[in-house]
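Chemist: Pasting the sequence and the predicted coordinates here, then a few questions.
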Amino acid sequence: MEKDHKHIASREDQLLKCLKCGTCLSVCPLYAETRREPDSARGRMALIDAVQKGELELSEVFRKKMNFCLNCKSCVEGCPSGVKVDDLILCSRAELVESGKFTFLERLIFRVLLKRGRLLPPVARWATFAGGLANKILPEKNPLTLFLPFPDGWKERIYPKIAKKPLRKRLPEVAKVKNPKMRVGYFFGCGTNMVYPEIGEAMVKVLTHNDIEVVTPKKQVCCGTSIYNSGDFKTGIKHAKKNLQLFKDAKVDCIVVNCASCGLTLKKEYKELLGVDFDIPVYDISEFLTEVIEMKKDFKAPDKEVVITYHDPCHLNRGQEIKSQPRKILQELPGVKFIEMKDADRCCGGGGSFHLKYYPISKGIMQKKLDNMESIDANYLVTGCPGCMMRFEETFLQRKDKKGVKNTIQLLADAYGDGEKP
């Protein structure tokens, strides 16, 4: 007998489209690591279908299998039938949350800390300090491991440094220019706000240099991707509506973002997954600079050439179909030698919070990226997602690799030379 699972039922047509051909197995980075059918898109589709038909309960085993997914969208891109496996998995997570399978830690982060954005940086700063201290003073095998939320690989983790002053405190509400061509809203996202505020400063520098007035609403909240990706659609909808109203009140022509996941959320998933019609145009910064305006090219050549390679974030490439735009910018910069790595669009293993929960698997996926970079003696790994940046930075630090990690917009800001900071 079929069960009434409204979220899965809303995507039931996708279940019917699946041919069970197994093409998804050849592109799934998780299946490449585990070689277990339930860890592939086809395996998960079979489980979801069984739940919808009432043959399987919303059990703990089902929860674990639905959570064990990077949401890299490789299966969607490779599916000959165009099955939106990613949406079905997120809808299944929503069913689990609404049935009560929602951890205390998730409730705390998603419904308290991310709702009150100003609380997050000090809490994150304390958590990273505590984690780093534990790594130094505690033995690998100790009773406290039982109480860690993400115990796998904790001893070797290197946590990101939380900025002493978050971006929301660094930027003015409005960065004005003479004779502005446009007035844009800047959605900065949690990673930029807390870990990489220098990316946000580079964003405003580049935009104002191109005669764009920039509005950065200080009361913006997390886009919600980590929230609804964990199945909490209700809280995700609240975040969507709050952000929409803030940017509408700001009377902007469009919104620009420098985070792949934030861009995908605002541009597509608010409407397609959460049902919130976010009717303000949204652009990734590379898309905006190459397709919306005519970017200035009054670059200043650096004293020394730098060698870079580029990693395609899953949510930018497969999520938003943005691949050539950042490369176009990077290849035009003076003194920058761009070397394409093999399989640049292969997932780095970050997957939002995936690498926290399943660190050994994430590490295995990252190793394939490292293998593809082995022959490239680059100064910087460049990408368009703060989440990917954190994952690469941690890996390079662990390996004592001297490569730096930068966002595309940072190299562009450097090429414009020393201008006034926002």
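Modeler: Perfect, I can see it now.

Chemist: quick one, strands of the stretch 101-250 of the chain?
Modeler: 174-175, 182-187, 212-215 (DSSP state E, counting those that start in this stretch).

Chemist: Those strands into JSON lines, with extra columns for distance to R107, mean pLDDT and mean neighbour count?
Modeler: (C-beta placed from N, C-alpha, C; glycine too.) Shown next, in JSON lines, are the strands of the stretch 101-250 of the chain (distance: least, CB to CB, whole Å; pLDDT from 0 to 100; neighbours: other CB atoms under 10 Å):
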{"stretch": "strand 174-175", "distance to R107": "36", "mean pLDDT": "98", "mean neighbour count": "16"}
{"stretch": "strand 182-187", "distance to R107": "25", "mean pLDDT": "98", "mean neighbour count": "23"}
{"stretch": "strand 212-215", "distance to R107": "32", "mean pLDDT": "98", "mean neighbour count": "22"}
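
Chemist: Tabulate these in CSV, adding columns for distance to L370.
Modeler: Formatted as CSV, these follow (distance: least, CB to CB, whole Å):
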stretch, distance to L370
strand 174-175, 38
strand 182-187, 31
strand 212-215, 36
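
Chemist: among those strands, which is nearest T408?
Modeler: Ranking these by their distance to T408 (criterion: CB to CB) puts strand 182-187 first, at 15.6 Å.

Chemist: Now for the one residue sitting closest to the centre of the chain: which residues touch it?
Modeler: For the chain, S261 is the residue whose C-alpha lies nearest the centre (CA atoms, centre = their mean; 3.8 Å). Going by CB atoms under 8 Å, 6 or more residues apart in numbering, S261 touches G189, C223, T225, P313, H315, G319, G352, C385, G387.

Chemist: so which helix or strand takes in the last one?
Modeler: Secondary structure assigned from DSSP states H and E places G387 in helix 386-399.

Chemist: Tell me which other helices or strands that helix touches.
Modeler: Contacts defined by 3 or more CB pairs under 8 Å, 6 or more residues apart in numbering; DSSP states H and E place helix 386-399 against helix 189-194, helix 260-264, helix 359-373, strand 380-383, strand 404-407.

Chemist: Okay, the residue nearest to the centre of the chain and S286: tell me how far apart.
Modeler: 15 Å (CB to CB, to the nearest Å).

Chemist: before we move on, what about F396?
Modeler: From F396 to S286 the distance is 23 Å (CB to CB).

Chemist: quick one, which of these two is more surrounded?
Modeler: S286 (26 against 17; other CB atoms under 10 Å).

Chemist: Test my guess that the more buried one contacts L411.
Modeler: No: with contact defined as CB atoms under 8 Å, S286 does not reach L411; the gap is 11.3 Å.

Chemist: what residue ranges in this protein score low on pLDDT?
Modeler: For the chain, the stretches with pLDDT under 70 are 1-3, 104, 108, 110-151, 153-155, 419-422.

Chemist: Now do the domain split for it, please.
Modeler: 6-98, 104-156, 167-292, 306-415 (automatic domain parsing).

Chemist: now the ones you listed in TSV, with distance to D298?
Modeler: Converted to TSV, the domains of the chain look like this (distance: least, CB to CB, whole Å):
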stretch	distance to D298
domain 6-98	37
domain 104-156	35
domain 167-292	8
domain 306-415	9
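
Chemist: Nearest to C18, out of the strands of the stretch 101-250 of the chain?
Modeler: strand 182-187 (34.5 Å).
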